[in-house]
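*Asks:* compute the structure for the input listed below.
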Amino acid sequence: MLKYTEKIRETAKRLLAEEKVDVFIGYQKGTVPMMNEPLLVNHPDKVDPLYWDNFCGLNLCNYLTKRTDKIGIVANGCNSRNIVTHIIENQIKRDQLYIVGIPCEGMIDHRAVVRAVKFKEILDVHQDGAEFTVKGHDFEETFQKEKFLQSNCAVCTHRNPVIHDEMLGDPVDEQTDVNPYSDVEKIEGMDPEKKQGFFTRLISRCIRCYACRNSCPLCYCPTCFVDESAPQWVGKSIDPADTMTFHFLRAYHCAGRCTDCGACERVCPMSISMRQFTKKLNKDAWELFSWEAGLDPEKRPPLDVYQPDDYNDFIK
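*Replies:* Have a look, this model is predicted:
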């Protein structure tokens, strides 16, 4: 993955110098190891901080909404799918974008790495092929990358960009031997009481910080339903009913739109696996409508159109 860093810098510099774009959106190394940050560059001489490795987990599409300038943007599989969704939902125009595609081998779960070193402070990370090494004051450990992938990356079946203007590498093999919904199927097999208990425990640690909402490229409403005061749709406290209402309603707002990019889980300070909400809806969209979000800018989402042969068994 590190091999793309220099290519990204060269491409951004060229696009900005030729005035093909007004701004280039990518990543830079964060001030904390394993936490890379989004970066917007507007001049050819400022491209050196651009960076790419297996810790670029935040979704860059948050920085596209309602922009009117010409934009260059780095896009792996999930970023590109959210770009498609933004185009479909009229948040950005296709001709505004110059999409620089990067085949993705998955992002590393920084929390899993922290657990592996027994919560010692990590001061530096170095990647070398399929391995990465973390260092601290009194330790140095090397791990296999494939054993520390984010949970969404481990089951991703769209690692290559679905839309691009330029590719910086050869496509990687897509995973065909994974079941992305195995965890959902386990929950579906529970009786109602166990399901209720599962989701109650899942969100019991939630502090209503809304980091999941703020990191989600689909949450671009000018005023979120949780911030409305007239009428007040949901309470502002961490009362379990209010918290559950927030998570369920946010998930349903993402129905047929979520690309399972994992940005919500990556930023959660309480390590809540809220993808359990959205993955169930992704599974339903696939089984009922053969639909995966963000694959084709020419197709409307199933909840956006009416077809005579729509699934209607729920109507009594």
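
*Asks:* can you dump the C-alpha coordinates of stretch 248-268 into CSV?
*Replies:* The C-alpha coordinates for stretch 248-268 follow below in CSV (Å, rounded to 0.1, in the frame of the first residue of the first chain):
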residue,chain,number,x,y,z
PHE,A,248,-32.3,2.6,14.6
LEU,A,249,-33.4,5.7,12.9
ARG,A,250,-29.9,6.6,11.6
ALA,A,251,-29.6,3.0,10.3
TYR,A,252,-32.9,3.2,8.4
HIS,A,253,-31.8,6.6,6.9
CYS,A,254,-28.9,4.6,5.4
ALA,A,255,-31.1,1.7,4.1
GLY,A,256,-30.1,0.9,0.5
ARG,A,257,-27.3,3.5,0.7
CYS,A,258,-24.7,2.1,3.1
THR,A,259,-21.5,0.8,1.5
ASP,A,260,-20.2,-0.7,4.8
CYS,A,261,-17.1,1.5,4.7
GLY,A,262,-16.7,1.1,8.4
ALA,A,263,-16.0,4.8,9.1
CYS,A,264,-18.7,4.8,11.9
GLU,A,265,-17.1,2.0,13.8
ARG,A,266,-13.6,3.4,13.3
VAL,A,267,-14.3,6.7,15.0
CYS,A,268,-16.6,5.4,17.9
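
*Asks:* and residue 117, how many neighbours?
*Replies:* As a burial measure, residue 117 scores 16 neighbours (other CB atoms under 10 Å). For the C-beta atoms, the positions are set from N, CA and C on the backbone; glycine is no exception.

*Asks:* right, and it touches residue 140 too?
*Replies:* No: taking contacts as CB atoms under 8 Å, residue 117 lies outside contact range of residue 140: 9.7 Å.

*Asks:* for residue 232, give me phi and psi.
*Replies:* Backbone geometry at residue 232, expressed as degrees, to the nearest 10, gives phi -90, psi 110.

*Asks:* count the residues that sit near it.
*Replies:* Around residue 232 there are 11 other residues, counting by other CB under 10 Å.

*Asks:* then the one 4 residues further on?
*Replies:* Applying other CB under 10 Å, we find 12 other residues in the vicinity of residue 236.

*Asks:* that one and residue 274, how far apart?
*Replies:* In this view, residue 236 and residue 274 are 19 Å apart by CB to CB, to the nearest Å.

*Asks:* same check, this time on residue 306
*Replies:* Note on residue 306: its distance to residue 274, by CB to CB, is 30 Å.

*Asks:* again, but for residue 150
*Replies:* For residue 150, the distance to residue 274 - CB to CB - is 13 Å.

*Asks:* what about those two, which has more around it?
*Replies:* Neighbour totals were compared for residue 150 and residue 274, and residue 150 leads with 23 against 19 (other CB under 10 Å).

*Asks:* that one contacts residue 109, correct?
*Replies:* Yes: with contact defined as CB under 8 Å, residue 150 and residue 109 form a contacting pair (4.6 Å).

*Asks:* shared neighbours, residue 117 and residue 140?
*Replies:* Common contact partners of residue 117 and residue 140 (CB atoms under 8 Å, 6 or more residues apart in numbering): residue 134.

*Asks:* leaving out the residues flanking it, which one is nearest to the residue positioned nearest the centre of the chain?
*Replies:* Centroid-nearest residue in the chain: residue 261, 2.6 Å away (criterion: CA atoms, centre = their mean). Leaving out its chain neighbours, the residue that sits closest to residue 261 by CB to CB, 6 or more residues apart in numbering is residue 78, at 3.8 Å.

*Asks:* point me to the helix or strand that includes the one you found.
*Replies:* Take DSSP states H and E as the rule and residue 78 turns out to sit in helix 77-88.

*Asks:* that helix packs against which elements?
*Replies:* With contacts defined as 3 or more CB pairs under 8 Å, 6 or more residues apart in numbering; DSSP states H and E, helix 77-88 has these neighbours: strand 71-75, strand 97-101.

*Asks:* what mean pLDDT does it have?
*Replies:* Averaging pLDDT along helix 77-88 yields 96.

*Asks:* now it: how far from the chain's centre is it?
*Replies:* Put simply, helix 77-88 sits 10 Å off its chain's centre (CA atoms, centre = their mean, to the nearest Å).

*Asks:* pretty sure residue 106 contacts residue 157?
*Replies:* No: when contacts are counted by CB under 8 Å, residue 106 is not listed as touching residue 157 (11.8 Å).

*Asks:* so between these two, which is more surrounded?
*Replies:* More crowded of residue 106 and residue 157, by other CB under 10 Å: residue 106, with 23 against 13.

*Asks:* for the more buried one, give me its contacts.
*Replies:* 54, 145-146, 149-150, 153-154, 156, 159.

*Asks:* what does residue 163 give?
*Replies:* Counting by CB under 8 Å, 6+ apart, residue 163 has contacts 75, 80, 83-84, 99, 101, 297.
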